[in-house]
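Undergrad: Quick one, what's the 3D model for this:
(2 chains)
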Amino acid sequence: MMDMDEREVPLQLDFEDDGVEEDEPMADRGAFERQYADERSWEELQEDESGMLRVDVAQQQRQHRKRMSAMAGPRIQRGIIRYLFVLLDFSRAAAEMDLRPSRMGIVVDCVEAFVREFFDQNPLSHLGVILLKDGIAHQLTDLSGSPETHIRALRSNMESTGDASIQNGLDLARGYLTQIPSYGHREVLLVYSALSTIDPGDVMETVQECKKANIRCSVVGLSAEIYICKLLCEQTGGMYSVATNEGHLKELIMEHAPPPAAQAEMSVASLVRMGFPQRGAEDAVALCACHREVKMGGGYTCPRCKARVCELPTQCHICGLTLVSSPHLARSYHHLFPVSPFEEVENLASANGRQSLSKSCYGCLQELPTPGGKVKGVRLECPRCRQHFCFDCDNYIHESLHNCPGCESNSVILSQLSQ
Amino acid sequence: MIQFANVVVYNYQYLLDPKVAGIISKEMEKECVVVFDEAHNIDNVCIEALSVNIRQQTLDGATRNLSQVTQLIEKSKATDANRLRQEYSRLVEGLAQRGNLAGTDTWLANPALPQDILQEAVPGNIRRAEHFVAFLKRLVQYIKNRMITEKVESESPVSFVTALQNQAGIDQKSLKFCYDRLHSLLLTLEVTNTDEFMYIQTVCDFATLVGTYTRGFTIIIEPYDERMPNIPDPVLQLSCLDSSLAIKPVFEKFQSVVITSGTLSPIDLYPRLLNFHPVISNSYKMTLTRDCLCPMVLTRGSDQLPVSTKFDMRSDPGVVRNYGRLLLEMVTAVPDGIVCFFVSYSYMDGIVNSWNEMGILQEVMQHKLVFIETQDVVETTLALDNYRRACDCGRGAVFFSVARGKVAEGIDFDRHYGRLVIMYGVPFQYTLSRILRARLEYLRETFQIKENDFLTFDAVRQAAQCVGRVIRSKADYGMMIFADKRYNRHDKRSKLPGWILSHLREAHLNLSTDMSVHIAREFLRRMAQPYDKTGKGLNATLLSQADLEKMEKK
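TA: Here you go, the predicted model:
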């Protein structure tokens, strides 16, 4: 659920405020002041007849929707099956304390949240972690589908020493990524805190080779914009962003969780073989292929080679078949067919003698704002099923549920009626 | 070819230096529009065009040339006496020059301005070739005697000519014709190896200028360079003090003359220096989509001690350490390329040595590679090339350069090649130089420009020029640090050009090192955010067709 607190305005969205002129320069103020510069929530307070304070809820909600809608994109083809390497810079520069508690600490926190979100939104994908320190790249974890492995490995390896080398990191990632099947999207996310890169050879060559291998490299910087990172992102089609504070850093890393647009070269549709294993009975005893131990109960059986695996989604260790269950596919489905954004209902339009407005939200049955009523806020309408929803339900539907209850129940009712 | 071209682009000297302009630019029509671009140094160019320096080797070379000329005359008399006689009769009739010169004979051009060349007959005492050579020998001998002196002498051209007349019997009128006569003689003798005769040509230049002008020049004889008193190096300098002399013919001949530059400030000083009344004098601001400049004035180090390159403070170890720490802190905060400008080569050498002893240089090298500009062109080019490669591949580099050097005048450090420029100190000229002092006195007497004002103007102009290397387009961004406590004073700050002053906020004045590092970090983070290049509303920097039409109607 998106953070409802509108005080957290990240700096990059300051430029799209609704016509409020900024006549004072921003750098003169302190960091805390900048967060309030656009909003000035104290000025929005008004007094009603009895002298009590009231806030214009509808205005705030509209501003929030405007921000969210700017971030959502059109319906495009996306790469669902992603093989992503996260390159973390654990050099000397990561020990600096300008982001609390230290750059390394906040990066590990954000990456942990990112890993969970990544597997939540892309259950069919794989992720691996590479650390850059002492001028070399260490592979911390292999490309795998289980979030716990990565998080545990990260937490146990938190030391920052030496220099960071982009070339070594990219070479290592490229070595692994060139071995994956062609239907997978190859990606690298580099979280970089240093200001320079100490490379053994020509880093431009590495950039060209990544471009040739179709690896989409994105960079999230923590200090300032570095030319080589910008070049890398431009050449490979990735995104380069620099974080201004802790909250902004988290947002920027989370932006990479939803699948990116598919590149033109990869859009050749190919058929991918997948298996849907059955869950074994509770009293079945079998040798588990992932842990090489005898396990009681539970477990899934690969349909092709009958090996037992402990959890899904994964790749069968014996025959290499991708094993998934249908909810995983369904979760990827909503990226390709998102719920259309809801439109705001202007209260005045109802005076044209149409049917009277529904009094409660279709999703949560709470009271909706009406003209002259007590409840303030915006009223939203789904363009397909024409049901009305409140602001909170709209957020929930678009961010977590990915299904409109009105559209779902409409088809149910229609099918019931036809029986 | 020049007559057929619509647009001609060439050096200032081709239009301002009388020696060259008389040949190259005399076919330009009156209706031309002349634009002097990057004209902030135009007064210096005008002065150099009319100045001559004579050293010991010049005089030795001149003596050699004269003996060569004597031999040639003897030879020519023996083989073809006709030519010499024809020349004599021509001179009697007053035709000093023999028609148009071929385009390559630039070295034989008259150093005086066109209108100052008397259209008279060459005087009788130098018409015959042998007499002229003897005349020149006397002149060279006199100059040699004058240069043997223990102390510095300075005098005006009039007194020099008078003394010359008393001692060597050379009158002013003959001096004026030295150039013409030499030129005609060498043409008659059909001399082809013109390079060898550079020395006598310099002496004749000197003689002609001394004879032609009475005001706006001064002669200074120095027995040795004051910075190295043990090495005798006598030099006789005829230096022009008035920059309006060389540019006067340009103003008079051409219909429109435009003088433009990014650092022409203060703008009202130039009309006074060049002695003209501008029809339009305007200063334009930059329209930027976002604040991509961040100038800062740094006056003290983190320990709150003031920093400066004032002579008495230069070698103070505290100041040196503070400057070093400033560089070190900036190197850890700024990505890609940093450029540092120092006030002189000797200062740069000294401070880099001290930093090396203090260990600061080693720490800087751990973060970025260090490159230095030297007085050798090839070395500097190599250093620049490697500096750019280091910035490109992400290694990061620092470039040490000098404020009046070649790099500061011509090389751009745009985009990632220059994210920060640090101007260490105020780049004053060497104030003890006699020529400079003579010029300052002349400016004070003639134009009522105070010495301090002019020196400050010159120094701040140079600083602005150095600092302007860093921003070359609207999408570019960069920071500038003026690291000297004297920049905080109003008289220096107000001379900075408008586009720097408009971004120099009160909060960025009088900073210490840690404050400036903080501002730098904030600025870099802000500039790294995505923005709309065309700008909207107030910050519109990209005009559409409709905007242009609206502006046209107004």
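Undergrad: give me phi/psi at the residue nearest to residue A:259 when sequence neighbours are not counted?
TA: Once flanking residues are discounted, residue A:259 sits nearest to residue A:78: 4.1 Å by Cβ to Cβ, 6 or more residues apart in numbering or on different chains. Any C-beta I mention is one placed from the backbone N, CA and C, and that applies to glycine too. Per-residue torsions, residue A:78: phi -120, psi 160 (degrees, to the nearest 10).
Undergrad: Show me the beta-bridge partners of residue A:78.
TA: Here residue A:78 shows beta-bridge partners residue A:261, assigned using DSSP bridges.
Undergrad: pLDDT (mean, whole number) over the helix or strand harbouring residue B:295?
TA: Element membership for residue B:295, per DSSP states H and E: strand B:293-300. Averaged across strand B:293-300, the pLDDT comes to 94.
Undergrad: Just the pLDDT at the residue of the stretch 251-400 of chain A found nearest chain B, thanks.
TA: Closest residue of the stretch 251-400 of chain A to chain B, Cβ to the nearest Cβ: residue A:252 (10.5 Å). Per-residue confidence (pLDDT) for residue A:252: 93.
Undergrad: Quick check: the residue nearest to residue A:259 touching residue A:333?
TA: No. If you go by Cβ atoms under 8 Å, residue A:78 and residue A:333 don't touch, sitting 11.2 Å apart.
Undergrad: Quick one: the helices in the stretch 101-250 of chain A, in order.
TA: Ranges of helices within the stretch 101-250 of chain A are A:103-121, A:147-155, A:166-177, A:203-212, A:227-236, A:246-254, based on DSSP state H, counting those that start in this stretch.
Undergrad: Write out the residues of the stretch 201-350 of chain B neighbouring chain A.
TA: Applying Cβ under 8 Å from any Cβ of the partner chain, we find that the stretch 201-350 of chain B lies next to chain A at B:291, B:332-336.
Undergrad: For the stretch 1-150 of chain B, which residue gets nearest to chain A?
TA: residue B:38 (27.4 Å).
Undergrad: So what's the residue count around that residue?
TA: 15 (other Cβ atoms under 10 Å in any protein chain shown).
Undergrad: Hmm, residue B:259 and it touching each other?
TA: No. Checked against Cβ under 8 Å, the pair residue B:38 and residue B:259 is beyond contact range at 10.1 Å.
Undergrad: Give me the nearest residue to residue B:33, chain neighbours excluded.
TA: Nearest one to residue B:33, counting by Cβ to Cβ, 6+ apart, is residue B:256 at 4.6 Å.
Undergrad: and what of residue A:273?
TA: Using Cβ to Cβ, 6+ apart, the closest residue to residue A:273 is residue A:321 (6.6 Å).
Undergrad: do you know how far the one you found is from residue B:459?
TA: Separation of residue A:321 from residue B:459 (Cβ to Cβ, to the nearest Å): 76 Å.
Undergrad: How about residue B:411?
TA: 20 Å.
Undergrad: Please apply the same query to residue B:81.
TA: 61 Å.
Undergrad: Name the residue in those two with the higher neighbour count.
TA: residue B:459 (20 against 10).
Undergrad: Surely that one and residue B:430 touch.
TA: No. Using Cβ under 8 Å as the test, residue B:459 is too far from residue B:430 to be in contact (11.5 Å).
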